[in-house]
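Trainee: Need a 3D model of the following:
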Amino acid sequence: QVLLVESGGGLVQAGDSLRLSCAASRRAIYSYVMGWFRQAPGKEREFVAASIPGSSTYYTDSVKGRFTISRDNTKNTVYLQMNTLKPEDTAVYYCAAKFLPITDFQVMGAGSYDNWGQGTQVTVSS
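Mentor: I've put the predicted structure just below:
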């Protein structure tokens, strides 16, 4: 099991930027798919971005060009750089991890991940 702890959330205005961090422990993340999901009040948890080790990144359409996922395996940490934030980005953001392998079909599904952080709140005011 990977222990995940998110940080970096907060209250910002529309157009601002935030960088979320997800620090992993107990296991090294170089063999894990690392993902970010978010859940707004009254809505289901949705996929935001994912990073496949040594491979590609995935983004949901609504954040393409604004959000960037990256990983630093030496620090066992994954980041989500969020630029040009919008009020509709308001949600609790969760970090998730899945041990390889993974299929393209699985990467965007919350049910594919078996390690989750506690979440960090991001609130974007208009």
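Trainee: Do a quick rundown of the strands in this protein.
Mentor: Shown for the chain, the strands assigned by DSSP state E span residues 3-7, 10-13, 18-25, 32-39, 46-51, 57-59, 67-72, 77-82, 91-99, 115-116, 120-125.
Trainee: out of those, which comes closest to G109?
Mentor: For these, the distance to G109 is smallest for strand 46-51, at 7.3 Å, taking CB to CB. Glycine gets a C-beta too; all of them are placed from N, C-alpha and C.
Trainee: which residues are in contact with that closest one?
Mentor: Under the criterion CB atoms under 8 Å, 6 or more residues apart in numbering, residues 33-39, 57-60, 63, 67-71, 78, 80, 93, 107-110 lie in contact with strand 46-51.
Trainee: mind running it again at 7 Å?
Mentor: Strand 46-51 is contacted from outside by 33-38, 57-60, 63, 67, 69, 71, 78, 80, 107-108, 110, using CB atoms under 7 Å, 6 or more residues apart in numbering.
Trainee: so what pLDDT did A28 get?
Mentor: The model reports A28 with a pLDDT of 86.
Trainee: contacts for stretch 87-97?
Mentor: Contacts for stretch 87-97 (CB under 7 Å, 6+ apart): 2, 4, 6, 9, 14, 20, 22, 24, 29, 32-40, 78, 82, 113, 115-117, 119-126.
Trainee: Provide a ChimeraX selection command restricted to the buried entries of those.
Mentor: Restricted to buried positions by 16 or more other CB atoms under 10 Å, the ChimeraX selection for these reads:
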select :2,4,6,9,20,22,24,29,32,33,34,35,36,37,38,78,82,113,115,116,117,119,120,122,124
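Trainee: which residue is nearest the centroid of this structure?
Mentor: W36 (1.8 Å; CA atoms, centre = their mean).
Trainee: Right, I'll leave it there.
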